[in-house]
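>>> sequence and predicted structure below; questions after.
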Amino acid sequence: MSTLADIRTLIRCEKNWLIAKVPIKEKLAFLGRQASGIIKNSKKIKYLGRTLHYDRKWEPILIAEYPNEIEMITKKLDFKKIKNVLDIGANVGQWGITLKSYFPNIELYSFEPVPETFWILKDNSSKIKSWEVFNYGINEKDSNKKISYAVGASAEATYFKENINQTHIRKNVKEIDTKTINLKEKNRKKLSIPKNLSLVKIDVEGSEMEVLKGLTEINYDYLYIETSIGRRGSSIKEVVNFLEKNKKSVKVLFTHRPDKQASSENSLLEIKNKTNL
């Protein structure tokens, strides 16, 4: 990390780690493991009592932000009532492993389309109960679709190639075929995905609308979604309009942009079927 943007990210992530509701002993120990892992260019770290494997050097800094993110959601949701979660765009499982550390009894279904990344996700989830992972992207139709990603920066993998350089000019960019599916009845039954879900989380680097079109036969109470600012993709306004056109009543519970330069923001929406109102 060398640019001003990198330094801002470092400060933000470490600040959010220090204010998270994590025991002080673990906070300090993790900061030490962060530094050691970066110096040694390690690909794994002990995080919230579990070993997290990853593929990019700076991941120990970036994952420090996730506990605060989960806690931000808990201020609006009663997680005692959250039974199951659909996690689309799971990467190596950073968000999922944080969620399961806070709420181990939640049923979690994670989707990650990039094969190299998926195998790391599978490793991270393998010893955690009630966590199923799938090597697919979600789309309106079942298909093969090219995705672009930079080696060592798989969290920014995107179906829109022009988005690959949204934070840095990436080198060693790969473009590969991935499998995408919708979650209509046939695929749901094949994968044993429930039709009714408590929470859907979407983090797909610009393909938000494509994912939502693949979920039209899924019922969910809440949607936590990363939407686009200054990159190709959908805004939160476009997401709300789409849901309302599909007979949903939508209430935005919060919207959070990590910093002024971020190319995305996260929003939590409460979703109700208008037919049930």
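Received, thanks. Numbering: from 1, shown residues only.

>>> low-confidence ranges, the stretch 101-250 of the chain, go.
165-169 (pLDDT under 70).

>>> how about the strands in it?
107-111, 131-134, 137-138, 143-150, 153-158, 173-181, 196-202, 219-228, 248-256 (DSSP state E, counting those that start in this stretch).

>>> of these, which stretch is the most buried?
strand 137-138 (a mean of 26; mean count of other C-beta atoms under 10 Å). Just so you know, the C-beta spots here come from the backbone N, C-alpha and C atoms, and that holds for glycine as well.

>>> for Asn16, find the nearest of the strands of the stretch 101-250 of the chain.
strand 248-256 (11.1 Å; C-beta to C-beta).

>>> what packs against that closest one?
helix 236-245, strand 264-273 (3 or more C-beta pairs under 8 Å, 6 or more residues apart in numbering; DSSP states H and E).

>>> in its sheet, what does it sit against?
strand 264-273 (antiparallel) (DSSP bridges).

>>> how about the spatially most central residue of the chain, nearest residue that isn't a chain neighbour?
Most central in the chain under C-alpha atoms, centre = their mean is Asp203, positioned 4.4 Å from the mean C-alpha point. In space, and not counting its chain neighbours, Asp203 is closest to Gly89: 4.0 Å by C-beta to C-beta, 6 or more residues apart in numbering.

>>> tell me the contacts of that neighbour?
Phe111, Glu112, Lys201, Ile202, Asp203, Val204, Glu205, Val211, Glu226 (C-beta atoms under 8 Å, 6 or more residues apart in numbering).

>>> check the gap between it and Glu244 for me.
Distance of Gly89 to Glu244, computed by C-beta to C-beta, to the nearest Å: 23 Å.

>>> then Asn182?
21 Å.

>>> neighbour-wise, which of those two wins?
Each of Asn182 and Glu244 has its neighbours counted (other C-beta atoms under 10 Å); Asn182 has more, 23 against 12.

>>> now do the same contact list for that one.
Neighbours of Asn182 in contact, by C-beta under 8 Å, 6+ apart: Ile138, Asn139, Glu140, Lys141, Asp142, Lys213, Gly214, Leu215, Glu217.

>>> what about these, which one has the most neighbours?
Most neighbours among these, by other C-beta under 10 Å: Ile138, with 26 neighbours.

>>> residue contacts, that residue?
Neighbours of Ile138 in contact, by C-beta under 8 Å, 6+ apart: Ile88, Phe111, Thr180, Ile181, Asn182, Leu183, Val204, Glu210, Val211, Gly214, Leu215.

>>> who's the third one bridged to?
Right, the one you point to is Thr180. Counting by DSSP bridges, Thr180 is bridged to Gly137, Ser143.

>>> dump the residue contacts of it.
The contact partners of Thr180, by C-beta under 8 Å, 6+ apart, come to Pro113, Tyr136, Gly137, Ile138, Asn139, Lys141, Asp142, Ser143, Asn144, Lys145, Gly214.

>>> and which of those is nearest Lys274?
Closest approach to Lys274 among the contacts of Thr180 (C-beta to C-beta): Gly214, at 20.7 Å.

>>> doesn't Glu140 make contact with that closest one?
Yes - applying C-beta atoms under 8 Å, one finds Gly214 in contact with Glu140, separated by 5.3 Å.

>>> enumerate every residue touching His256.
Taking C-beta under 8 Å, 6+ apart, we find His256 in contact with Met72, Glu265, Asn266, Ser267.

>>> just the ones of the contacts of Ile138 in helices?
Glu210, Val211 (DSSP state H).

>>> what would the contacts of Ile138 look like in JSON lines with distance to Ser154?
Below are those laid out as JSON lines (distance: C-beta to C-beta, whole Å):
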{"residue": "Ile88", "distance to Ser154": "15"}
{"residue": "Phe111", "distance to Ser154": "14"}
{"residue": "Thr180", "distance to Ser154": "17"}
{"residue": "Ile181", "distance to Ser154": "20"}
{"residue": "Asn182", "distance to Ser154": "24"}
{"residue": "Leu183", "distance to Ser154": "23"}
{"residue": "Val204", "distance to Ser154": "13"}
{"residue": "Glu210", "distance to Ser154": "19"}
{"residue": "Val211", "distance to Ser154": "18"}
{"residue": "Gly214", "distance to Ser154": "21"}
{"residue": "Leu215", "distance to Ser154": "23"}
